[in-house]
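> Give me a 3D structure for the following:
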Amino acid sequence: MARILRKESLAPQIKLMVVDAPWVARKARAGQFVVLRITEQGERIPLTIADFDPLSGTVTIIFQEVGKSTMLLGTLEEGDEILDFVGPLGREIEERNFGHVVCVGGGVGIAPTYPKAKALKEKGNRITSIIGARTRTMLFWEDKMREVSDELFVTTDDGSYGEKGFVTQVLERILKSEKVNLVIAVGPVIMMKMVSVITKPHGVPTLVSLNPIMVDGTGMCGCCRVTVGGKCKFTCVDGPVFDGHKVNFDELLARQRIYLEEEQRALELWIAEKAKEEASRV
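Now for the predicted structure:
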């Protein structure tokens, strides 16, 4: 079990938890993830490590409450324990001096963008970061991203904060005006696809961090398979970071929609159960 040391609400439905997990913190690297389970009957949830501290033995996770499992996770409080907290899993990013690196984080993807930017900044790279969200209230960690960036751009879809528009618009402007040696993108699949489409004509290497449906996290079930460069890859052991120019994003988008009805049904049943429990207490 892993005890929750700190819990914080970063934005509507977006929660941060600092977890006591020294066995993970000692080995964690930027780009890796954990798989957690809340109850014996619960599903396994993959979450990219947002931050880690080997000295204190803590791991930070950030998640958005969108389905039954993430909403159940959101009900846990400081002092509660997470039943299973397994990691670090997956491959870390290559940490070396590439030159000028542009890090793009969209929505909750800002969280896993941070450790990548931080690690590459420590290697002497010039870091330009672009973070974006639908609206101002959904933005978080602007201060932390600014700390590890030489330059930071902020966008919101509705223009309520920063520049109105999408992160891809800022990226395209940067690519046209200066030399970029590497782009890293983390966020919604469609955003990572568009980032890859934009960078390809410029010949800029592009890394994306994928988060498909996952079960065991060790390469045994094959649930998280993606097609990269025409070959089948397992995100949990071959990734989660891949060459964005080689990922079959259309296939990935289709696979992510497979269980939407089941996910919605599970959420509705859980909400009904919670309502019944509340009513019985009255």
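
> could you list every residue that touches the closest residue in space to residue 89 that isn't next to it in sequence?
Spatial nearest neighbour of residue 89, excluding adjacent residues (C-beta to C-beta, 6 or more residues apart in numbering): residue 217 at 5.0 Å. All C-beta spots, glycine's among them, are computed from the backbone N, C-alpha and C. Contacts of residue 217 were listed using C-beta atoms under 8 Å, 6 or more residues apart in numbering, and they are 33, 35, 44, 46, 86, 89, 236.

> got it, and residue 82?
1-4, 19, 36-38, 73, 76.

> Now list the buried members of those.
2, 4, 19, 36-38, 73 (16 or more other C-beta atoms under 10 Å).

> now the residues you listed in TSV, with pLDDT?
Below are the buried ones among the contacts of residue 82 laid out as TSV (pLDDT from 0 to 100):
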residue	pLDDT
2	89
4	94
19	94
36	90
37	88
38	89
73	89
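
> Which of the residues you listed fall within strands?
2, 4, 19, 36-37 (DSSP state E).

> Tell me the one among these nearest to residue 202.
residue 36 (38.0 Å; C-beta to C-beta).

> State the helix or strand in which residue 264 lies.
Using DSSP states H and E, residue 264 sits within helix 260-281.

> Determine the number of other residues adjacent to residue 96.
Residue 96: 10 surrounding residues under other C-beta atoms under 10 Å.

> Could you look up the SS state of it?
Assigned with DSSP: H, G, I helix; E, B strand; the rest coil, residue 96 falls in the coil class.

> For residue 149, see how far away the closest residue to it other than its chain neighbours is.
Excluding the flanking residues, the one nearest residue 96 by C-beta to C-beta, 6+ apart is residue 123, at 5.7 Å. Counting by C-beta to C-beta, to the nearest Å, the gap from residue 123 to residue 149 is 14 Å.

> close enough to count as contact, residue 152 and residue 141?
No. Residue 152 lies out of contact with residue 141 (C-beta atoms under 8 Å); the separation is 10.8 Å.

> quick check, residue 161 in a strand?
No. Counting by three-state DSSP, residue 161 is located in no strand; its state is coil.

> tell me which residues in the helix holding residue 264 are buried?
263, 267.

> can you check stretch 155-171 too?
Per 16+ other C-beta under 10 Å, stretch 155-171 contains these buried residues: 155-156, 161-163, 166-171.

> what number of residues lie near residue 254?
So residue 254, with other C-beta under 10 Å, has 10 neighbours.

> hang on, the earlier thing: turn the buried ones among the contacts of residue 82 into JSON lines, including distance to residue 25.
As requested, these are exported to JSON lines (distance: C-beta to C-beta, whole Å):
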{"residue": "2", "distance to residue 25": "11"}
{"residue": "4", "distance to residue 25": "14"}
{"residue": "19", "distance to residue 25": "9"}
{"residue": "36", "distance to residue 25": "15"}
{"residue": "37", "distance to residue 25": "19"}
{"residue": "38", "distance to residue 25": "20"}
{"residue": "73", "distance to residue 25": "19"}
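
> Select, from those residues, the two members most distant in space.
Across the buried ones among the contacts of residue 82, the two lying at the largest distance from each other (C-beta to C-beta) are 4 and 37, at 14.3 Å.

> so the residue nearest to residue 96 makes contact with residue 99?
No. Using C-beta under 8 Å as the test, residue 123 is too far from residue 99 to be in contact (10.6 Å).
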